[in-house]
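S.K.: need a 3D model of the following:
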Amino acid sequence: MTARAADRARYDRATAHLDAPLAIVDLDAFDANADDLLRRAGGKPIRVASKSVRCRALLERVLAREGFQGIMSFTLAESLWLARSGFDDILLAYPSADREAFAELAGDPKLAAAVTVMVDDPAQLQLIDTSRRGGTEVVRVCLELDTSLKLLGGRVRVGARRSPLHSPAQVADMARAVAERPGFKLVGIMAYEGHIAGVGDSVAGRPLRSRAVRMMQATAKKELAARRAEVVRAVRRVAPDLEFVNGGGTGSVQHTAAEDAVTEIGAGSGLYVPRLFDNYTSFTGRPAALFAMPVVRRPGVGVVTVLGGGYPASGAPGRDRLPVPYLPEGLKYDPQEGPGEVQTPLLGAPADDLLLGDKVWFRHAKAGELCERFDVLHLVEGDEVTATVPTYRGEGHTFL
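M.R.: This is a model prediction of the structure:
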């Protein structure tokens, strides 16, 4: 029996009393992935990206481990909810225009002490001030550095379009804008290198593309390490008591941790290891989060149909954004249909061994987005479900 077949047998036994659709997290794999992230971080603390987890119980589980410290959130409303839930170190990774939430933040000393907001434009400071509604708490601020690699005098750009702050001078100017404005305190710098951390460098069947990605990433790592160090020096001249410099991502943990200027690493997807993280030379994780759909039809030889399954991930549309049939091994989509909203035909020899009601296990393309489809996660240890915990959705929250 292969390792994947053994996992399927475990998951089927663990969930035999549950009807699909359902989602699980294999805690043995989750914990092993956490260990691997810590190993690669080389002693620097890891701030957990909540958008890649979206489950309070699992955030609590990983943050109870030595080496994990703080949350990187994705909306201000989520940040305030987490702070009220007892988390006390929350970095909002994206700018916000949520005036109601800013009023709550500026009016509550506990929230203001726990949450740091992201800015990259003086206009965002003005928006926060006009949202205060009399709240006088000092708002903790982090600046985001644009990590993109610019070539040929800026005519070629590699990397996400995020912050407008690219040069040390630009970031230092923004730091001065914060320092000179009452009611704000500059405490950190964040720089997410998505073109390194989130792009696989070993894509099966595409050796030329993989080589090109590795060459690009080698150039980008060198350029960013030098520029990030200059940025930190420039900002520390304005804010000498800067508390943290955050960088990284699941795919670049060990590379970013090697930079002296970086004090902490951001990562989250590496806990679940969705399918987009199968294509890296620098690490190999264990799939921990899966969902199961039931077989509801047997249209013919070598074909079964499961209920639903059409859960595409965000990003540029493409086959790599689709969930993948994982267990039993050997199933694939009908190219004429793909995964559907209410039914999904699957082709392959294993289909003939599946009965009505049997589970087919899938992996989502991205990590936390799976939790937007399910109210609960069944936590599996060995071949048992040892707990069932709510996702954000199960607690009544869909923050985006």
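S.K.: could you pull out the buried residues of stretch 272-289?
M.R.: By neighbour count on 16 or more other Cβ atoms under 10 Å, the buried set for stretch 272-289 is 272-280, 282-283, 285-289. (Glycine included, C-beta is placed from N, CA and C.)
S.K.: can you check stretch 52-66 too?
M.R.: Buried, per 16+ other Cβ under 10 Å, within stretch 52-66: 52, 53, 54, 55, 56, 58, 59, 61, 62, 63.
S.K.: list the contacts of the fourth one.
M.R.: Listed by Cβ atoms under 8 Å, 6 or more residues apart in numbering, the contact partners of residue 55 are 25, 371, 377, 389, 390, 391, 392.
S.K.: same for the longest strand anywhere in the chain, what does it pack against?
M.R.: Longest strand of the chain, by residue count under DSSP state E: strand 289-300. Applying 3 or more Cβ pairs under 8 Å, 6 or more residues apart in numbering; DSSP states H and E, we find strand 289-300 packed against strand 22-26, strand 303-307, strand 343-347, strand 359-363.
S.K.: right, so of the ones you listed, which gets closest to residue 314?
M.R.: Nearest to residue 314 among the helices and strands packed on strand 289-300 is strand 359-363; the distance by Cβ to Cβ comes to 15.9 Å.
S.K.: what count of nearby residues applies to residue 68?
M.R.: 22 (other Cβ atoms under 10 Å).
S.K.: then residue 223?
M.R.: For residue 223, using other Cβ under 10 Å, the count is 15.
S.K.: residue 211 now?
M.R.: 12.
S.K.: let me see the mean pLDDT of the host helix or strand of it.
M.R.: Element membership for residue 211, per DSSP states H and E: helix 207-238. The pLDDT scores in helix 207-238 average 84.
S.K.: show me what counts as buried in that helix.
M.R.: Buried, per 16+ other Cβ under 10 Å, within helix 207-238: 210, 213, 216-217, 220-221, 224-225, 227-232, 234-236, 238.
S.K.: now do the contacts for the closest residue to residue 272 other than its chain neighbours.
M.R.: Excluding the flanking residues, the one nearest residue 272 by Cβ to Cβ, 6 or more residues apart in numbering is residue 289, at 3.9 Å. Residue 289 sits next to 23, 24, 25, 26, 272, 273, 274, 363, 364, 367, 370, 377 when contact means Cβ under 8 Å, 6+ apart.
S.K.: so which of the residues you listed wins on neighbours?
M.R.: Among the contacts of residue 289, residue 272 has the most neighbours (other Cβ under 10 Å), with 31 neighbours.
S.K.: and the gap between that residue and residue 136?
M.R.: 40 Å (Cβ to Cβ, to the nearest Å).
S.K.: elements contacting the helix holding residue 211?
M.R.: strand 149-151, helix 168-179, strand 184-191, helix 194-197, strand 244-247.
S.K.: out of the helices and strands in the protein, which is least certain?
M.R.: One helix or strand of the chain scores below all others by mean pLDDT, DSSP states H and E: helix 194-197, with a mean of 72.
S.K.: point out where the stretch 301-400 of the chain drops to low pLDDT.
M.R.: Within the stretch 301-400 of the chain, no stretch has pLDDT under 70.
S.K.: now the strands for it?
M.R.: Secondary structure of the stretch 301-400 of the chain (DSSP state E, counting those that start in this stretch): strands at 303-307, 324-327, 332-333, 343-347, 359-363, 376-381, 384-390.
S.K.: return the most buried member of these.
M.R.: Compared across the strands of the stretch 301-400 of the chain, strand 359-363 shows the largest average neighbour count, a mean of 24 (mean count of other Cβ atoms under 10 Å).
S.K.: helices and strands around that strand, which ones?
M.R.: Counting by 3+ Cβ pairs under 8 Å, 6+ apart, strand 359-363 packs on helix 3-14, strand 289-300, strand 324-327.
S.K.: which phi and psi does the residue nearest the centre of the chain have?
M.R.: Nearest residue to the geometric centre of the chain (Cα atoms, centre = their mean): residue 52, 3.3 Å. Here is the backbone geometry of residue 52 (degrees, to the nearest 10): phi -90, psi 0.
S.K.: show me what contacts it?
M.R.: 250, 268, 269, 271, 272, 366, 367, 368.
S.K.: before we move on, what about residue 399?
M.R.: Residue 399 neighbours (Cβ under 8 Å, 6+ apart): 74, 75, 77, 78, 392.
S.K.: try residue 320
M.R.: With Cβ under 8 Å, 6+ apart, residue 320 has these contacts: 275, 276, 365.
S.K.: for these, which one is nearest residue 160?
M.R.: Nearest to residue 160, judged by Cβ to Cβ, of these is residue 276 at 14.7 Å.
S.K.: ok, the nearest residue to that closest one once chain neighbours are set aside to residue 289 distance?
M.R.: Distances taken as Cβ to Cβ, 6+ apart put residue 365 closest to residue 276, at 5.4 Å, once the chain neighbours are dropped. From residue 365 across to residue 289, the span is 12 Å (Cβ to Cβ).
S.K.: identify the contacts common to the two.
M.R.: residue 274.
S.K.: sounds good, over and out.
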